[in-house]
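Participant: Sharing a model that was predicted from the sequence below.
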Amino acid sequence: MSDQIRIVVAGNERQVAAGTTAGDLFDAPEVIAARVGETLVDLSRELADGDTVEPVEIGSVDGRAILRHSTAHVLAQAVQELYPDAKLGIGPPVENGFYYDFDVAEPFHPDDLKRIEKKMQQIVKERQAFVRRPVSDDDAAAELAGEPYKLELIGLKGGAAEAAEGASAEVGAGELTVYDNVRRGGERAWGDLCRGPHLPTTRHIPAFTLMRVAAAYWRGDEKNRQLQRIYGTAWESKDALKAYLDFLAEAEKRDHRRLGAELDLFSFPEEIGSGLAVWHPKGGVVRRVMEEYSRLRHEAAGYEFVYTPHITKETLFENSGHLHFYKDDLYPPVHVDAEHDSAGNLRRQGQDYYLKPMNCPMHTMIFNARGRSYRELPLRLFEFGMVYRYERSGVVHGLARSRGFTQDDSHIYCTPDQLADELASLLQFVLGLLRDYGLSEFRAELSTRPEKFVGEIEDWNEAEAALEAALKQAGVEYVVNEGDGAFYAPKIDVHVTDAIGRSWQLSTLQVDLQMPTRLDAEYTAADGSRQRPYMIHRALFGSIERFFGILLEHYAGAFPPWLAPVQVVGIPIADEHVPHLRDVADKLAEHGIRVEVDTSDDRMQKKIRTAQKQKVPYMLIAGDDDVAKDAVSFRYRDGTQNNGVSVADAVAEIVDAVQRRIQV
RNA sequence: GCCCGAAUAGCUCAGCUGGUCAGAGCAAUCGCCUUGUAAGCGAUAGGUCGUCGGUUCGAAUCCGACUUCGGGCUCCA
């Protein structure tokens, strides 16, 4: 046996002494682990002949995950030092951070985080080494006898990925390993079942903070006990941590619930009920403009507008299959028409009516209202249809998840050979319209047949193929989510990325092979035979309310002029300039511009501040100089000025920006 | 639905361990004042401290239930 081995380091073949560790190869502080072949390993790992070794830097995707996982270990160690009875769940890295689940007798209080964080800082300072130690299943079981959740994971080894999201961080398919935290004197401070890899020492954690405490079901199953989950975040530098916290602060400033109140757009009166919004005039005007533009575009694309009721007999949703699948998520039924005689005996059977959770069965009733010819297809029905879903109390969340919302819902009935073309043009239409609202970054997901499905597999395959062809034709980046479709249809979901990089699921396209059959929709083909149409469900905004919320956050309340609730505010330098501004306002109003003149007795500076806080796109200021020249002075939202612009030019500039739907 | 936390004026919040604790700023209203790009001055009005019970001589403050909100989990046609 040679005492030299040959390895490939960062693409270069090298000969090194046997026993060389990955850490020996890289003399850079930002390298905290290595990749040997496909596997991430500790820097202390001894290399074998033929290994291909790459450095893993702490700021890389893998490096951050390792950092965060190691920080989760430090969290668990700190918790067990402070709460010796705490039992360990799992502690994986997640996007932007990590968590660790604990079973403790008393739930953590938010204030406990400070104590725990202090203890963690102590552990970091101690520069404890993370030391890997392979163990047999039996030894692990003996060592972890006091950790019931870990024991459960050992029992599930190999199936860990299914055991719980994140559980694969603890146990993998291969041998079990424990990571010991070893103090500089060699004393073992703590240890945890873990596949690793880890940072070399706790001191390699540059910056972390604990975020919040929450509860989570063990192994993600609501039948299981809830554990206490502590969320934290860790970064490769103090600056990176600060940048992340700044991002969170920015997201909070943009929160649509906060902006909705600040800009007087909508509210959720407690008296009306949880998850039910009312739209104030300023929010109402934005929404109206959004809807009007959408209507216009749909009309041009060959859609026909329909209206349907908000409530319907049970039978319709029974036949469509929705009642069976979603009964618990519907408002309870209204029971009507039952009659009793004076003795209390039932004289007439009553009926149950449900608030509608979906528009599609009603649209299909319109399709069925008379005999349909293949010549009418594709028939595209469109409605802003308000639906009601009794969302579980813990999930309602502003406009994003509410109990009453409006779908911009369309259902397209077509022949089988029209399907592919129809889907392709639909997807183009959807993306084009989203662009007009100011969104530009998209990706899509194709969700295929789930385990629980109805219909024939061949039909599913055909529909899935047509959806995939549409994605390819539209040239939009997409991933396939196997088994993620609805029970009756495969679907395309379009996700958008907003101004601060967050991704939102928006539009959905579904090919429904079931409902036409369930509701017995048919058309007469050219040969006189009766045929089943294909049906496409398509929502563009999904929920108008939610889409509004997303746009509000995307623009941080500073809507482009065409959408802004107040597009122009006239600000006089003194009262005597009001008549001039009123003239200007009248000229703008002639072009449909939403304009106000601030005639309050505030001083000009205060009026500017008020308009600025309301994120009005254009302030038109007028004093003596402007009046003399029949001009106004612009102040834009970014604080820049354009003084002494003739009224005609000012009107033209504003009208132009609104017509072109540009942001300013 | 589950766990934790929260609820004081339209908004943001102060009010420590139960006893002048019902307050401040902004907003609103009224008055005075106001000529160049983010807050002029003053006065007035506004809350049975989310609701209902309980403990206590006494509850915004302690306890319970409910409602609503927030953070998560589960769910999301």
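Facilitator: It's in.
Participant: Low-confidence bits of chain A, can you list those?
Facilitator: Chain A contains residues with pLDDT under 70 at A:1-2, A:157-166, A:172-173.
Participant: Okay, domains of it per the record?
Facilitator: A:4-57, A:61-246, A:271-339+A:348-555, A:561-660 (the TED database).
Participant: Point me to the residue of chain A nearest RNA strand B.
Facilitator: Here the residue of chain A nearest RNA strand B is residue A:394; by C-beta to the nearest atom of the strand that distance is 2.1 Å. The way it works is simple: take the backbone N, C-alpha and C, and place the C-beta from them, glycine included.
Participant: Can you report how many residues lie near that residue?
Facilitator: Residues lying near residue A:394 (other C-beta atoms under 10 Å) number 6.
Participant: got it, and the one 5 residues further on?
Facilitator: Counted by other C-beta under 10 Å, the residues lying close to residue A:399 total 24.
Participant: Please enumerate the strands of the stretch 51-200 of chain A.
Facilitator: Ranges of strands in the stretch 51-200 of chain A, per DSSP state E, counting those that start in this stretch, are A:52-57, A:87-88, A:93-94, A:97-103, A:129-135, A:176-182, A:188-193.
Participant: Would you tell me which one of the ones you listed is buried the most?
Facilitator: Neighbour counts (mean count of other C-beta atoms under 10 Å) averaged over each of the strands of the stretch 51-200 of chain A peak at strand A:97-103, with a mean of 24.
Participant: chain center to that strand: distance?
Facilitator: 22 Å (C-alpha atoms, centre = their mean, to the nearest Å).
Participant: What pairs with that strand, parallel or antiparallel?
Facilitator: Strands adjacent to strand A:97-103 in the sheet, as given by DSSP bridges, are strand A:87-88 (antiparallel), strand A:93-94 (antiparallel), strand A:226-235 (antiparallel).
Participant: got JSON lines for those strands, with distance to RNA strand B too?
Facilitator: Listed next are those as JSON lines, based on distance: least, C-beta to the nearest atom of the strand, whole Å:
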{"stretch": "strand A:87-88", "distance to RNA strand B": "15"}
{"stretch": "strand A:93-94", "distance to RNA strand B": "8"}
{"stretch": "strand A:226-235", "distance to RNA strand B": "5"}
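Participant: out of those, deepest packed?
Facilitator: Buried most deeply of the strands paired with strand A:97-103, by mean count of other C-beta under 10 Å, is strand A:226-235, with a mean of 22.
Participant: How about residues contacting that one?
Facilitator: Identification of contacts with strand A:226-235 by C-beta atoms under 8 Å, 6 or more residues apart in numbering yields A:64, A:67-68, A:71-72, A:75, A:79, A:89, A:96-104, A:107-108, A:113, A:116, A:149, A:205-218, A:241, A:244.
Participant: For RNA strand B, tell me which of those residues show up nearby.
Facilitator: By C-beta under 7 Å from any atom of the strand, the members of those lying near RNA strand B are A:107, A:108, A:212, A:213, A:214, A:215, A:216, A:217.
Participant: Give the buried residues for the strand or helix carrying the fourth one.
Facilitator: Remark: residue A:213 resides in strand A:207-217, with elements defined by DSSP states H and E. Across strand A:207-217, burial judged by 16 or more other C-beta atoms under 10 Å covers A:207, A:208, A:209, A:210, A:211, A:213, A:216.
Participant: cool, and stretch A:561-574?
Facilitator: Neighbour-count burial for stretch A:561-574, counted by 16+ other C-beta under 10 Å, picks out A:561-573.
Participant: Can you show me the CA trace of the longest helix seen in chain A as CSV?
Facilitator: The longest helix of chain A (DSSP state H) is helix A:61-82. Extracted C-alpha coordinates of helix A:61-82, given in CSV (Å, rounded to 0.1, in the frame of the first residue of the first chain):
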residue,chain,number,x,y,z
VAL,A,61,-25.5,27.9,-1.5
ASP,A,62,-24.0,24.7,0.0
GLY,A,63,-21.8,26.6,2.3
ARG,A,64,-24.7,28.6,3.7
ALA,A,65,-26.7,25.5,4.3
ILE,A,66,-23.8,23.9,6.2
LEU,A,67,-23.4,27.1,8.2
ARG,A,68,-27.0,27.2,9.1
HIS,A,69,-27.2,23.6,9.9
SER,A,70,-24.2,24.0,12.3
THR,A,71,-25.9,27.0,13.8
ALA,A,72,-29.0,24.9,14.4
HIS,A,73,-26.8,22.5,16.3
VAL,A,74,-25.5,25.3,18.5
LEU,A,75,-29.1,26.3,19.1
ALA,A,76,-30.0,22.8,20.2
GLN,A,77,-27.0,22.7,22.4
ALA,A,78,-27.9,26.0,24.0
VAL,A,79,-31.5,24.9,24.6
GLN,A,80,-30.5,21.6,26.2
GLU,A,81,-28.1,23.4,28.5
LEU,A,82,-30.8,25.9,29.6
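Participant: Tell me the residues on the stretch 51-200 of chain A that lie near RNA strand B, please.
Facilitator: A:107, A:108, A:109, A:110, A:165.
Participant: what's the first one in contact with, if anything?
Facilitator: For residue A:107, the contact set (C-beta under 8 Å, 6+ apart) comprises A:213, A:215, A:228.
Participant: Tabulate the residues of the stretch 51-200 of chain A next to RNA strand B (CSV), appending distance to residue A:402.
Facilitator: Formatted as CSV, these follow (distance: C-beta to C-beta, whole Å):
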residue, distance to residue A:402
A:107, 29
A:108, 30
A:109, 31
A:110, 27
A:165, 27
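Participant: Out of the residues you listed, which two sit at the greatest distance?
Facilitator: Using C-beta to C-beta, the two most remote members of these are A:109 and A:165, lying 26.4 Å apart.
Participant: Can I have the buried ones of the residues of the stretch 51-200 of chain A next to RNA strand B as a ChimeraX selection?
Facilitator: In ChimeraX, this line selects whichever of those come out buried by 16+ other C-beta under 10 Å:
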select /A:108
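Participant: Of the residues of the stretch 51-200 of chain A next to RNA strand B, which is the nearest to residue A:46?
Facilitator: Using C-beta to C-beta, those come closest to residue A:46 at residue A:165, 32.3 Å.
Participant: quick one, what contacts residue A:334?
Facilitator: Taking C-beta under 8 Å, 6+ apart, one finds A:311, A:352, A:353, A:354 in contact with residue A:334.
Participant: buried subset of those residues?
Facilitator: A:352, A:353, A:354.
Participant: and the host helix or strand of the first one, how far from the chain's centre?
Facilitator: Using DSSP H and E, the element containing residue A:352 is strand A:351-355. If you compare the mean C-alpha spot of strand A:351-355 with that of the full chain, they lie 33 Å apart, counting by C-alpha atoms, centre = their mean.
Participant: partners of it, with directions?
Facilitator: Using DSSP bridges, the strands paired with strand A:351-355 are strand A:311-313 (antiparallel), strand A:334-336 (antiparallel).
Participant: I would like the residues contacting it, please.
Facilitator: A:310-314, A:317, A:323, A:330-331, A:333-337, A:387-388.
Participant: what's the burial count for residue A:499?
Facilitator: Residue A:499, neighbours per other C-beta under 10 Å, totals 15.
Participant: For it, what are phi and psi?
Facilitator: Residue A:499 has phi and psi values of phi -60, psi -20 when expressed as degrees, to the nearest 10.
Participant: What residues does it make contact with?
Facilitator: A:554, A:555, A:556.
Participant: Next, count neighbours for the last one.
Facilitator: By that I understand residue A:556. 17.
Participant: what's the answer for residue A:469, then?
Facilitator: Per other C-beta under 10 Å, the neighbour tally for residue A:469 reads 15.
Participant: does it really touch residue A:424, like I thought?
Facilitator: Yes: applying C-beta atoms under 8 Å, one finds residue A:469 in contact with residue A:424, separated by 6.9 Å.
Participant: what comes up buried for stretch A:320-327?
Facilitator: Across stretch A:320-327, burial judged by 16+ other C-beta under 10 Å covers A:320, A:321, A:322, A:323.
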